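Enquirer: would you be able to build a 3D model of this:
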Amino acid sequence: MKAKSSVFLVGCCLAVAAVCGCVRRTPGPEPESAVVEAVTYLCWNGRYDKLAPLLEKHPELANVRDADGYTPLLAAVMSGDNATVELLLKTGARADVASPDDGTTPLHYVAANGWVHLAEMTLAAGGDPEARDRDGGTPLIWAATGGHIDTVQLLLRMRPGVADLDRAVLEAALGGYDSVVSLLLSKRPGGARALSFWRPAEGTGADRMWSPRIRSHGYELYRALWKTDNGDRLVCFRYPGCELGGTPYSVWVFDREMKLLRTGDTTVGQDYFPYALVEVYSESVNQHETLRGKWALAVVSVWSGTVLDPARPMRLVGFDAPRYEHANDVSAKLIDWSDNVDIHKLYVSDLEDVKFRWAEPGPSIFTNLPRKPSKD
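Expert: Next up, the predicted model:
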């Protein structure tokens, strides 16, 4: 692979040398494609040593686009080469460009890396602080996700909208960046209690997790409110990676000031997604004695292709349980807050004499139907 890269690099340099005569400082024909591909290749691979003398002679190459739609600046920021990024910006590279694949801009990547000096240069070169990637993320949200407080402070001067502030707060909280959370909340009108994700959903709450989903760190993030004796809690689920036979989720619980209270994990069935929160109770918990006689939080999961009837109640059952015609049958998994509980094996249907209750604010859409249908 290294040999192939070296051969390609030599070819690129030869291409640049061969056609340098057609690259001019004055207006004229566009640089030949071989030159453009060579320049972006140098940026993708961090070849500052080859790029610097080329740009010194032909600064207009800082703003070319290759066949895939990438500029040298996009290639440099996406490869994480801050020295080449600075070189390109000083040469006059425009920052008001976006990736043809996902809409990300140079400012997104500069913010994600916490390069505050380069963020200032990128803004001066036309970088848009309100630019959005395909998931709606702005450079501020990317900076908050990485916990880069200086870059966050810089981007806050651009007066972001309330919705972007809210999502930035959530991302920083998920990452455990308390100082960034505090800074963002200080700029959020109304503070933590005004955050949009604390507003209860309308109706029964059947889609409370699904409808407000966003993408976090490249994965879908689900949110729900958990009604406790000490007030509402925000519960977040994020899918961190693939697992054969099931879908694992990381779980966080925050109080109204966005302080992390608990974190753990759970799994749902393969191709299932988090749907709602319930609390379950059982005097007989088999081998899981730590749960005996306590109300425990569980997540209801629904297969991605399931269509639930909103006119029917929902019932917690196991996979092999007899079905009711007048109910939506769903399953649930307990959430693990301790190391000694193997939640990967514990479905609510595995518990005996289980009781459950709606854990979210608002009217319940669950019913305590018997686990087995009557003969009638």
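Enquirer: hey, let's count contacts and neighbours off CA atoms from now on
Expert: Will do.
Enquirer: what is the burial count for the closest residue to residue 219 other than its chain neighbours?
Expert: Nearest non-adjacent residue to residue 219, counting by Cα to Cα, 6 or more residues apart in numbering: residue 239, 6.0 Å away. Residues contacting residue 239 under the criterion other Cα atoms under 10 Å number 22.
Enquirer: so who does residue 239 touch?
Expert: Contacts for residue 239 (Cα atoms under 8 Å, 6 or more residues apart in numbering) come out as 219-221, 247-250.
Enquirer: now for those, which pair is the farthest apart?
Expert: 221 and 247 (13.4 Å; Cα to Cα).
Enquirer: the one helix or strand residue 332 maps to: what's the following helix or strand?
Expert: For residue 332, the host element (DSSP states H and E) is strand 328-334. Next along the chain after strand 328-334, taking DSSP H and E as the criterion, comes strand 355-358.
Enquirer: within its sheet, name the partner strands of that following strand and how each one runs.
Expert: strand 272-281 (antiparallel) (DSSP bridges).
Enquirer: then the strand it pairs with to PDB, C-alphas only?
Expert: Extracted in PDB, the C-alpha atoms of strand 272-281 (Å, rounded to 0.1, in the frame of the first residue of the first chain):
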ATOM      1  CA  TYR A 272     -35.300  -2.700  17.100                       C
ATOM      2  CA  PHE A 273     -35.200   0.900  18.400                       C
ATOM      3  CA  PRO A 274     -36.000   2.500  21.800                       C
ATOM      4  CA  TYR A 275     -39.700   3.400  22.000                       C
ATOM      5  CA  ALA A 276     -40.800   4.300  25.500                       C
ATOM      6  CA  LEU A 277     -39.800   4.200  29.200                       C
ATOM      7  CA  VAL A 278     -41.600   2.000  31.800                       C
ATOM      8  CA  GLU A 279     -40.800   1.000  35.400                       C
ATOM      9  CA  VAL A 280     -41.100  -2.600  36.300                       C
ATOM     10  CA  TYR A 281     -41.400  -4.400  39.700                       C
END
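Enquirer: domains in the protein, by residue range?
Expert: Listed domain ranges for the chain are 1-94, 110-198, 214-358 (source: automatic domain parsing).
Enquirer: dump those into a markdown table; add distance to residue 103 and mean pLDDT as well.
Expert: Listed next are the domains of the chain as a markdown table, based on distance: least, Cα to Cα, whole Å; pLDDT from 0 to 100:
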| stretch | distance to residue 103 | mean pLDDT |
| --- | --- | --- |
| domain 1-94 | 11 | 76 |
| domain 110-198 | 5 | 94 |
| domain 214-358 | 14 | 75 |
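Enquirer: in which helix or strand does residue 299 reside?
Expert: Using DSSP H and E, residue 299 falls in strand 296-303.
Enquirer: from the middle of its chain, how far away would that strand be?
Expert: Put simply, strand 296-303 sits 21 Å off its chain's centre (Cα atoms, centre = their mean, to the nearest Å).
Enquirer: what of stretch 174-186?
Expert: For stretch 174-186, the distance to the chain centre is 16 Å (Cα atoms, centre = their mean).
Enquirer: list the buried ones in it?
Expert: For stretch 174-186, the neighbour count (16 or more other Cα atoms under 10 Å) marks 174, 176-178, 180-182, 184-185 as buried.
Enquirer: helices - which of those residues land there?
Expert: Mapping those onto helices (DSSP state H) picks out 174, 178, 180-182, 184-185.
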